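**Student:** here is a sequence with its predicted model. Questions after.
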Amino acid sequence: MALYVKLNKDEIEAFIADYNLKLIDFKGIIEGVQNTNYFLLTTSGKYILTVCEEEINPTDLPFFNSAMLYAALHGVPCPVPLKNKYGAFTGRLKNKPAGIVTFLEGKSVTDITFSHLENLGRFLGKLHIQTKDFKEERANPLCLDNVTELIRKNKKIDNISPNLSAEINKELNLVSEELKSFYNLPKGFVHADIFPDNMFFEGNNVSGIIDFYFCCSDYLAYDLAVTANAWCFDNKGFDYNEKKIKILLDSYQKIRPLEQAEKYAFNALLRRAALRFFATRAWDMKYPKPNAVVGVKDPMEYVAKLRAFKSAGDLFK
Ligand SMILES: Nc1ncnc2c1ncn2[C@@H]1O[C@H](COP(=O)(O)OP(=O)(O)O)[C@@H](O)[C@H]1O
Ligand SMILES: N[C@@H](CCOP(=O)(O)O)C(=O)O
């Protein structure tokens, strides 16, 4: 659970008054790992109040809010951030940055069907088109160079599994070499964390996307690669399911066909995405934050994915 900051009714009422909201009821949300979230029922509807922890750099908040607002205004079903009476998206609660966004209906899914993937692929294709003219930029803090540095800094990788460090370092070099010839791939706004817990569905249909705290500017096909990593493996994320990836790719391409260069680069992007999630999970496992209240996610899941992609065939045949 992640309720790092405990708030009472008076504190919430005082904060939301700046957003012109009147509280009826509220509830702490136990899902989530990074920040504290409260569900708010107000006289003008349902909202989510988020108090940010220090992993979020406050200077990034304007980009996240701007991206969410732009996406929402361009038809992406996502939360709309509210401005307070001072014209700012972000206020302060218990000396931490805090903000309010609209509530999204729907639920995340655990049993992922072909139909979910079909809808997810179309959703992501649309997201990349709907946000293509978003002009603000944020370099990806988890670019391959920074991921490489995080992995090199982690001196305990071989404690996760024997000889893992050598395997991962070899892969980092290979992926870096392979991607050098693809520096010109289409770039733009990417969510960069499209995991099942960040997507809501109503039945088989996508009802929305949340959690914009990793969004940045990067290769569009990298977003698709992150999504394929997170959604297209069975058995708790360990078993490669080519049919699932193909459904995701086909449905994405019905909306935004990939360029030939993106197809050539895709295997390296899948491995780059696997290395990115391996890197942060391995770090969190071996150097846990003192206030961590959530179990660490398994870095070996991403080693399994990396190995699967290394021996995978051409996904575009
Ligand atoms: N706009 C929203 N609408 C509905 N529920 C939300 C919204 N934002 C967050 N939540 C709820 O809060 C939980 C945690 O949100 P998330 O942004 O993933 O937190 P964290 O960044 O801490 O992981 C979600 O799983 C969801 O249940
Ligand atoms: N999706 C990442 C961790 C980020 O967690 P989130 O709850 O903020 O999406 C992972 O699985 O390693």
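**Tutor:** That came through, no problem. Ligands and ions are numbered 1, 2, ... in the order given.
**Student:** shouldn't residue 108 be in contact with residue 202?
**Tutor:** No. With contact defined as Cβ atoms under 8 Å, residue 108 does not count as touching residue 202 (11.4 Å). In short, each C-beta sits where N, CA and C put it, glycine included.
**Student:** just the helices in the stretch 151-300 of the chain please.
**Tutor:** Shown for the stretch 151-300 of the chain, the helices assigned by DSSP state H, counting those that start in this stretch span residues 157-160, 164-180, 220-231, 242-255, 260-286, 300-310.
**Student:** return the most buried member of those helices.
**Tutor:** Ranked by mean neighbour count, those are led by helix 220-231 with a mean of 26 (mean count of other Cβ atoms under 10 Å).
**Student:** still on that earlier bit, compare the helices of the stretch 151-300 of the chain and give me the one nearest ligand 2.
**Tutor:** Nearest to ligand 2, of all those, is helix 260-286, at 4.7 Å by Cβ to the nearest ligand atom.
**Student:** chain center to stretch 87-96: distance?
**Tutor:** Put simply, stretch 87-96 sits 23 Å off its chain's centre (Cα atoms, centre = their mean, to the nearest Å).
**Student:** just the buried positions in that stretch, please.
**Tutor:** 89, 90, 91, 93, 96 (16 or more other Cβ atoms under 10 Å).
**Student:** rebuild these as TSV, extending it with distance to residue 117.
**Tutor:** Formatted as TSV, these follow (distance: Cβ to Cβ, whole Å):
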residue	distance to residue 117
89	33
90	35
91	39
93	38
96	37
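**Student:** and the residues you listed, which of them are in strands?
**Tutor:** Among the buried residues of stretch 87-96, the ones falling in strands (DSSP state E) are 91, 93, 96.
**Student:** dig out what the first one forms beta bridges with.
**Tutor:** What it means is residue 91. residue 98 (DSSP bridges).
**Student:** distance to ligand 2 and mean pLDDT for the helices of the stretch 151-300 of the chain - can I get that in CSV?
**Tutor:** Formatted as CSV, those follow (distance: least, Cβ to the nearest ligand atom, whole Å; pLDDT from 0 to 100):
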stretch, distance to ligand 2, mean pLDDT
helix 157-160, 14, 98
helix 164-180, 16, 98
helix 220-231, 7, 98
helix 242-255, 17, 98
helix 260-286, 5, 97
helix 300-310, 8, 98
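**Student:** and those helices: which comes nearest residue 148?
**Tutor:** helix 164-180 (5.1 Å; Cβ to Cβ).
**Student:** ligand 1: which of the ones in strands among the buried residues of stretch 87-96 is nearest?
**Tutor:** residue 96 (13.1 Å).
**Student:** how far away is that closest one from residue 28?
**Tutor:** Residue 96 is 15 Å from residue 28, where distance means Cβ to Cβ, to the nearest Å.
**Student:** ok, residue 181 next?
**Tutor:** On the measure of Cβ to Cβ, residue 181 and residue 28 end up 49 Å apart.
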